[in-house]
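S.K.: Pasting the sequence and the predicted model now:
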Amino acid sequence: MSSRKPKLILVYEPKKACFDRLVADNHVPERAVEIASYLAQSTDIAAEFDALAAACQKRGLSFAPVTLDAAASVLAGEDPKTTLVWTLTDGIAYFRGGAAPALARLNGLKAIGADDALFALCQDKFRSGAVLGALGLPVPRAGLARDGAWLVAPPDSPAGWFVKPNRLGAKIGIWPDSRCHDLGHALELSRRVFAAYRDDVVVQPYVAGRNARASFLGLKPDTGAEAIGIALVDSGSDFQTMQDSLALYGDTGVAAKAAGNYAEPLLLPVGASQPRADARIRRIAESLMVGLGLRDVFSIDFRVEADDSVHLIEFEVCPGLPCFDFRDYCRQQWGLSLANAMAETAMNRLRA
């Protein structure tokens, strides 16, 4: 039996490392800043390191934050009997966090989160949409365009279309005109995205409704779908643009707080106003846990219509842990701060 103290290793990709790599790959610095901003949670989580170390120490664990570039060498020296790896950042293209769970598996280490295959799938919106559709889930059908040319034609849509980058998530590179009413404009958006970010675009029928997020943390190994928290996310706008996203997280969010300009979206329980929609979302989430393999920690984004129709938009295997919505979930569902919720989850997993 190993005599080493049980350890939680948090692997994260810093914004600067990503920015430097993108610029070296000839991305325009202004666009590299926008791309790297999606890693703002690596900036925000740093403020939690002392609290995480203390929460882990209280439970008999040690805590080690490890940058992604150091992960290969660090994980190779860890004891599989006493080490748990938690990956903060996913990514297969612009970001590289999807390598961390694979490295954990390579070294026989326990890991929090889904299989590394899902880290890749969730970052390709077109492919993940195809899989979700094959599972019979209510995901909007999608076309795919690259630099002004259709790779897959989108379906007809009387309400117009929504255009977003394929591998950068639902927010990166999204402009106010990303909801469009003719396919010529959708192709123009694909040219803009390709020029700015070298990415394809997903073109989906626009769906009305309010934005909702389902959050999950498996605090105990037997935690099931009953612990999913489902909230409407009301930012006052139909969808979040790049500028909206920049204002909430990382250095820009810190500056906004200091200037008194920071405003978090309102979080409203779906069940309080639309219990049927809440029940439908919960069933969809359970289907993803059973059929797709989501577990331990994840989030799922939805659009909820007034008649309780629900549209599945995307899932994330690395939700923004230090973001306002996940912190609120930890308080509401588990009565714990983020640091204590993470430490409690790690302790329960290592002792299972």
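M.R.: Structure's in. What do you need? Not measured: the values here are computed from a predicted model.
S.K.: how about stretch 76-84: buried residues?
M.R.: 78, 82, 83, 84 (16 or more other C-beta atoms under 10 Å). Backbone N, C-alpha and C define where each C-beta goes, glycine included.
S.K.: so can I have a markdown table of these showing distance to residue 25?
M.R.: A markdown table is the format used below for those (distance: C-beta to C-beta, whole Å):
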| residue | distance to residue 25 |
| --- | --- |
| 78 | 31 |
| 82 | 38 |
| 83 | 33 |
| 84 | 33 |
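S.K.: Show me which of the residues you listed is closest to residue 129.
M.R.: residue 84 (31.6 Å; C-beta to C-beta).
S.K.: and for stretch 147-160, what are the contacting residues?
M.R.: 126, 141-145, 161, 179-183, 186-188, 190-191, 194-195, 200, 203-208 (C-beta atoms under 8 Å, 6 or more residues apart in numbering).
S.K.: Go again with 7 Å.
M.R.: 141-145, 161, 179-181, 183, 187, 190-191, 194, 203, 205-206, 208 (C-beta atoms under 7 Å, 6 or more residues apart in numbering).
S.K.: What is the burial count for the closest residue to residue 291 other than its chain neighbours?
M.R.: Spatially, and ignoring its direct neighbours in sequence, residue 291 is nearest to residue 135 (5.2 Å; C-beta to C-beta, 6 or more residues apart in numbering). For residue 135, the count of nearby residues is 15 (other C-beta atoms under 10 Å).
S.K.: residues contacting residue 135?
M.R.: When contacts are counted by C-beta under 7 Å, 6+ apart, residue 135 touches 287, 291, 292.
S.K.: mind redoing it with 8 Å?
M.R.: Residue 135 sits in contact with 287, 288, 291, 292, where contact means C-beta under 8 Å, 6+ apart.
S.K.: residue boundaries of the helices in the stretch 1-150 of the chain?
M.R.: 15-24, 29-36, 40-46, 49-58, 68-76, 99-106, 116-121, 125-134 (DSSP state H, counting those that start in this stretch).
S.K.: got JSON lines for those helices, with distance to residue 330 and mean pLDDT too?
M.R.: Listed next are these as JSON lines, based on distance: least, C-beta to C-beta, whole Å; pLDDT from 0 to 100:
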{"stretch": "helix 15-24", "distance to residue 330": "24", "mean pLDDT": "96"}
{"stretch": "helix 29-36", "distance to residue 330": "26", "mean pLDDT": "92"}
{"stretch": "helix 40-46", "distance to residue 330": "14", "mean pLDDT": "92"}
{"stretch": "helix 49-58", "distance to residue 330": "12", "mean pLDDT": "98"}
{"stretch": "helix 68-76", "distance to residue 330": "24", "mean pLDDT": "97"}
{"stretch": "helix 99-106", "distance to residue 330": "22", "mean pLDDT": "96"}
{"stretch": "helix 116-121", "distance to residue 330": "22", "mean pLDDT": "92"}
{"stretch": "helix 125-134", "distance to residue 330": "26", "mean pLDDT": "95"}
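S.K.: and of those helices, who's closest to residue 346?
M.R.: In terms of C-beta to C-beta, the element of the helices of the stretch 1-150 of the chain nearest to residue 346 is helix 49-58, at 6.8 Å.
S.K.: Now name the helix or strand holding the closest residue to residue 324 other than its chain neighbours.
M.R.: In space, residue 324 comes closest to residue 264 once its chain neighbours are excluded; the distance is 4.6 Å by C-beta to C-beta, 6+ apart. Here residue 264 sits in a region with no helix or strand, counting by DSSP states H and E.
S.K.: Retrieve the pLDDT associated with residue 264.
M.R.: As summarised for this prediction, residue 264 has a pLDDT of 79.
S.K.: isn't it right up against residue 323?
M.R.: No. Using C-beta atoms under 8 Å as the test, residue 264 is too far from residue 323 to be in contact (9.3 Å).
S.K.: Just want to know which of the two has more residues nearby.
M.R.: Neighbour count, other C-beta under 10 Å: between residue 264 and residue 323, residue 323 has more, with 22 against 13.
S.K.: do you know how far that one is from residue 38?
M.R.: 12 Å (C-beta to C-beta, to the nearest Å).
S.K.: which residues do these two both contact?
M.R.: By C-beta under 8 Å, 6+ apart, no residue touches both residue 323 and residue 38.
S.K.: low pLDDT regions in the stretch 251-352 of the chain?
M.R.: For the stretch 251-352 of the chain, applying pLDDT under 70 flags the ranges 251-263.
S.K.: tell me the strands in the stretch 151-300 of the chain, going along the chain?
M.R.: Taking DSSP state E, counting those that start in this stretch as the test, the strands found in the stretch 151-300 of the chain are 161-165, 179-180, 201-205, 210-217, 229-234, 266-269, 297-304.
S.K.: so what secondary structure elements neighbour the fifth one?
M.R.: So that's strand 229-234. The contact analysis (3 or more C-beta pairs under 8 Å, 6 or more residues apart in numbering; DSSP states H and E) places strand 229-234 against strand 210-217, strand 266-269, helix 270-273, helix 275-287, helix 324-329.
S.K.: repeat that for 6 Å
M.R.: strand 210-217, strand 266-269 (3 or more C-beta pairs under 6 Å, 6 or more residues apart in numbering; DSSP states H and E).
S.K.: Give me the contacts around the shortest one.
M.R.: So the one you mean is strand 266-269. Strand 266-269 has contacts (C-beta atoms under 6 Å, 6 or more residues apart in numbering) with 231, 232, 234, 328.
S.K.: same deal with stretch 328-348?
M.R.: Contacts to stretch 328-348, defined as C-beta under 6 Å, 6+ apart, come from residues 8, 48, 51-52, 55-56, 59, 61, 84, 215, 219-220, 227, 229, 267, 327.
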